[in-house]
Structure formats: C-alpha cells, structure tokens
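Student: sequence first, predicted coordinates after that:
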Amino acid sequence: MGLTASEKRELVKTKLQQLRKDLRIMHAGVTEDQTMPEPGEVKTVMSVLENLLEVLEPKGSRKSKS
C-alpha cells in the first residue's frame, strides 16, 4: 500500500506540526519549570520521529545508506 506524493506530504506536515507542539511543551517545562520530561513523553516523540523517518525513507533505502 503506497502513498501518493500528496498523501505523504500531508502526513509529514501533520506529524511535524505535532512534533513541534510536543517539543515546545517539553522545552517550556525544562526552561521554565526546570523539570525533565517524563520518559514516556520522550519515547512517544522518538516513536513519532521513527514513523516519520519510515514515511520519508522506506526501510530498504535506509539499510543501503548505512
């Protein structure tokens, strides 16, 4: 099941917007409240980043670049 270029672009845009929002919240917590984010929050952001990477670079092309 391949995505069209337009669908990929929209998916990437949506994921990036959510990531920016999540990271802003984490940054505000670190700088203003001087608290570290919960490990679960960090894992969630990392998972979204991994999913985004899979959309941008299918697994076959990532392995050949390593």
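Tutor: The structure has been received and is ready for your questions.

Student: can you name every helix or strand that the helix or strand hosting residue 6 contacts?
Tutor: According to DSSP states H and E, residue 6 maps onto helix 5-31. The elements that helix 5-31 packs onto, with contact taken as 3 or more Cβ pairs under 8 Å, 6 or more residues apart in numbering; DSSP states H and E, are helix 39-56. Placement of C-beta: from N, CA and C, glycine included.

Student: for the helix it packs on, packing partners?
Tutor: helix 5-31.

Student: distance from the helix it packs on to the middle of the chain?
Tutor: Centroid displacement of helix 5-31 relative to its chain, using Cα atoms, centre = their mean, to the nearest Å, is 7 Å.

Student: ok and it relative to helix 39-56, angle-wise?
Tutor: Angle, helix 5-31 to helix 39-56, by axes from the mean of the first three to the mean of the last three Cα atoms, to 10 degrees: 160 degrees.

Student: low-confidence ranges in this protein?
Tutor: Along the chain, the parts satisfying pLDDT under 70 run over 1, 59-66.

Student: now the residue nearest the centre of it, nearest residue through space, not along the chain?
Tutor: Taking Cα atoms, centre = their mean, the centroid of the chain lies closest to residue 49, which sits 2.7 Å from it. In space, and not counting its chain neighbours, residue 49 is closest to residue 19: 7.0 Å by Cβ to Cβ, 6 or more residues apart in numbering.

Student: where's that neighbour relative to residue 48, distance?
Tutor: Using Cβ to Cβ, to the nearest Å, residue 19 is found at 6 Å from residue 48.

Student: thinking again about what came up before, quick check: the residue nearest to the centre of the chain touching residue 20?
Tutor: No. Applying Cβ atoms under 8 Å as the test, residue 49 and residue 20 come out as separate, 12.0 Å apart.
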